[in-house]
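Asks: here is a sequence together with a model predicted from it:
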Amino acid sequence: MEQSKITTICAISTPAGTGGIAVARVSGPKAIEIVDKVWKGKRLADAPSHSAHYGTIFDPADNQALDDGIATVFRAPRSFTGEDTVELSVHGSPWIQRELINLLIRNGASIANRGEFTRRAVANGKLDIAEAEAVADMIAASSRASQRIALSHIRGEYSAGLNALRNQLIELAALTELELDFSEEDVEFADRNKLLELARAINKKVSELAKSFATGRAIKEGVKVTLSGATNAGKSTLLNRLLGEEKAIVSNIHGTTRDTIEDTIEIGGILFRFIDTAGLRETDDPIERIGIDRARQAIQTADINLWIVDSEHPILPLEQSDNMIVVYNKRDLLTETVDGAISISALNDSDLSVLTEELIRRAIPMQIAPAQTVTNARHYEALLRAADSSARIIEALSTTLPTDLIAQDIRETIDHLSSITAPITTPTLLTQIFTRFCIGK
């Protein structure tokens, strides 16, 4: 797009509400010119890139001061968006923030749409689309683990791996296309066994990335941990202890918990999503029965299942799955040690470290290298398609299928991988991606 047709946009980039400081971002071809109109201090048009200046923001219409602040100048292309950008740091009064944006609009800026700053960064080659999506993940990161993944993706480590695969496929495509061009001469430009070996390596890597989505989603949304067992085993008491607040109602009456109750907490840098479920028992109460059905559904989809046992009246699970941890509650009433189980006292004992350490130990194997972890559903879908088309390449190279069919599958695999990182031209998909962002990002 011609520079003259690009608008200069502005928005508050810090969270809504009152704070010590608020930051307004202005980006576009006239960013410095517009801010200079409302700025008293060093002339920003003369300021070097990446320099900060103290001054006063005022309304040129009546020469009334709005606030003292700091203007930080970033000149194109050395800015987040790749455009001239000015960030204005002012006091965090909601009124000052609102008036500052109105002042910038009156002097030539336009209000930014959701994600428009990041969208411009993609358009100007500062980020690829996967790196841009990781910006939203970074903003939403709720644990150390999810932050590490998002930071790795923003830095391009994830994209670099995908682009390496794509380049290998392009080389493969070039060789097969050459064979097509010289098909009448019956010339073979590459050893089929070497091509097959390369195709298998690519398929393996793409399949591993696709499989990592389950782990990535668990890290991003929280490792799902259900608290299950018979009624009155102490599930709700344990939930409250783990969360450090009275989240669930605790009562000696059987069947008090009739629906799933959940909340999240970070333990050891990992986000856990704890779900307290209705006690499992036979009942004629239709409402309690619904809660029990929901409990069974939650248990089936849990990453980790804590089966809570009342040490005084122990009821063990009929079957113990690999993701289950048996926890004996009321350990002061436990008459003997149970192999492979953890004993606690959720009501009286302040130390739950043995349980939390086991939760961390179970969750750590789920975590793999951040650059190899997929957290985005759109990427997951593209990887599944790439795995399918690359499997067809292997099948074709293993048989006597014609080269043109192989070439078609290679092109499809390249397209699927490219859709993750390359610029997207479909307006609907672009809008869908960037509506996840806040206005100032």
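Replies: Okay, I see it.
Asks: after the longest strand along the chain, heading C-terminal, what element do we hit next?
Replies: Assignment by DSSP state E gives strand 64-74 as the longest strand of the chain. Sequence order places strand 85-92 as the next helix or strand after strand 64-74, per DSSP states H and E.
Asks: residues making contact with that following strand?
Replies: Residues from elsewhere that reach strand 85-92 (C-beta atoms under 8 Å, 6 or more residues apart in numbering): 13-14, 17-27, 31-32, 35, 44, 57, 66-74, 76, 79, 96-97, 100. For every residue, glycine as well, the C-beta is placed using N, CA and C.
Asks: which parts of that strand are buried?
Replies: T85, V86, E87, L88, S89, V90, H91, G92 (16 or more other C-beta atoms under 10 Å).
Asks: list only buried entries from the contacts of strand 85-92.
Replies: Buried, going by 16+ other C-beta under 10 Å: 13-14, 22-27, 31-32, 35, 44, 57, 66-67, 69, 71-74, 76, 79, 96-97, 100, out of those.
Asks: list just the nearest of the buried residues of strand 85-92 to I360.
Replies: G92 (37.1 Å; C-beta to C-beta).
Asks: what about L162, distance to E357?
Replies: Between L162 and E357 the computed distance is 36 Å (C-beta to C-beta, to the nearest Å).
Asks: more neighbours: those two, which one.
Replies: Taking neighbours as other C-beta atoms under 10 Å, L162 and E357 compare with L162 leading, 24 against 13.
Asks: on that earlier part again, mind listing what the longest strand of the chain pairs with, with the direction of each?
Replies: Partners of strand 64-74 in the sheet, by DSSP bridges, are strand 51-59 (antiparallel), strand 85-92 (antiparallel).
Asks: now it: mean pLDDT?
Replies: The average pLDDT for strand 64-74 rounds to 97.
Asks: relative to the whole chain's centre, how far out is that strand?
Replies: 34 Å (C-alpha atoms, centre = their mean, to the nearest Å).
Asks: packing partners of the helix or strand where A387 lies?
Replies: Element membership for A387 (DSSP H and E) is helix 377-397. Here helix 377-397 touches helix 192-221, helix 403-421, going by 3 or more C-beta pairs under 8 Å, 6 or more residues apart in numbering; DSSP states H and E.
Asks: just to revisit the earlier point, save the strands paired with strand 64-74 as CSV, and put in distance to A201 too.
Replies: As requested, the strands paired with strand 64-74 are exported to CSV (distance: least, C-beta to C-beta, whole Å):
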stretch, distance to A201
strand 51-59, 49
strand 85-92, 42
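Asks: re the thing from before, would you mark the buried spots in the helix holding A387?
Replies: Applying a neighbour-count criterion of 16+ other C-beta under 10 Å, the buried positions in helix 377-397 are 378-380, 382-394, 396-397.
Asks: chain neighbours aside, what residue packs nearest to the residue most central in space within the chain?
Replies: Nearest to the geometric centre of the chain sits D137, at 3.8 Å (C-alpha atoms, centre = their mean). Excluding the flanking residues, the one nearest D137 by C-beta to C-beta, 6 or more residues apart in numbering is A150, at 4.0 Å.
Asks: could you list the low-confidence segments of the stretch 51-200 of the chain?
Replies: 177-191 (pLDDT under 70).
Asks: and for K40, the neighbour number?
Replies: 14.
Asks: next one: Q147
Replies: Counted with other C-beta under 10 Å, the neighbours of Q147 add up to 16.
Asks: secondary structure element holding it?
Replies: Counting by DSSP H and E, Q147 is part of helix 144-154.
Asks: ok, which stretches of the protein are strands?
Replies: Using DSSP E, strands in the chain cover 9-12, 19-27, 39-41, 51-59, 64-74, 85-92, 110-111, 223-229, 261-267, 270-276, 304-310, 324-329, 342-343.
Asks: give me the contact list for the fifth one.
Replies: Applying C-beta under 8 Å, 6+ apart, the set of residues contacting strand 64-74 from outside is 32, 35, 38-41, 44, 47-59, 80, 84-91, 96, 99-100, 103.
Asks: which residues are in contact with the helix holding A387?
Replies: With contact meaning C-beta under 8 Å, 6+ apart, helix 377-397 is reached by 130, 133, 172, 192, 195-196, 199-200, 202-203, 206-207, 209-210, 213, 374, 401, 405-406, 409-410, 412-413, 416-417, 419-420, 433.
Asks: try it again with 7 Å
Replies: Helix 377-397 is touched from outside by 130, 192, 195-196, 199-200, 202-203, 206-207, 209-210, 213, 374, 405-406, 409-410, 412-413, 416-417, 419-420, with contacts defined as C-beta atoms under 7 Å, 6 or more residues apart in numbering.
Asks: and the helices and strands packed on helix 377-397, which is most packed in?
Replies: Per residue and on average, the most neighbours among these fall to helix 403-421, with a mean of 20 (mean count of other C-beta atoms under 10 Å).
Asks: tell me what angle it forms with helix 192-221.
Replies: Angular relation of helix 403-421 and helix 192-221 on a 0 to 180 degree scale: 30 degrees, by axes from the mean of the first three to the mean of the last three C-alpha atoms, to 10 degrees.
Asks: sorry, back to before: which one of the strands of the chain lies nearest to N240?
Replies: strand 270-276 (8.8 Å).
Asks: listing partners with orientation, what would you give for that closest one?
Replies: Short version: by DSSP bridges, strand 270-276 pairs with strand 223-229 (parallel), strand 261-267 (antiparallel).
Asks: buried deepest among those, which one?
Replies: Of the strands paired with strand 270-276, the one with the most neighbours on average (mean count of other C-beta under 10 Å) is strand 223-229, at a mean of 25.
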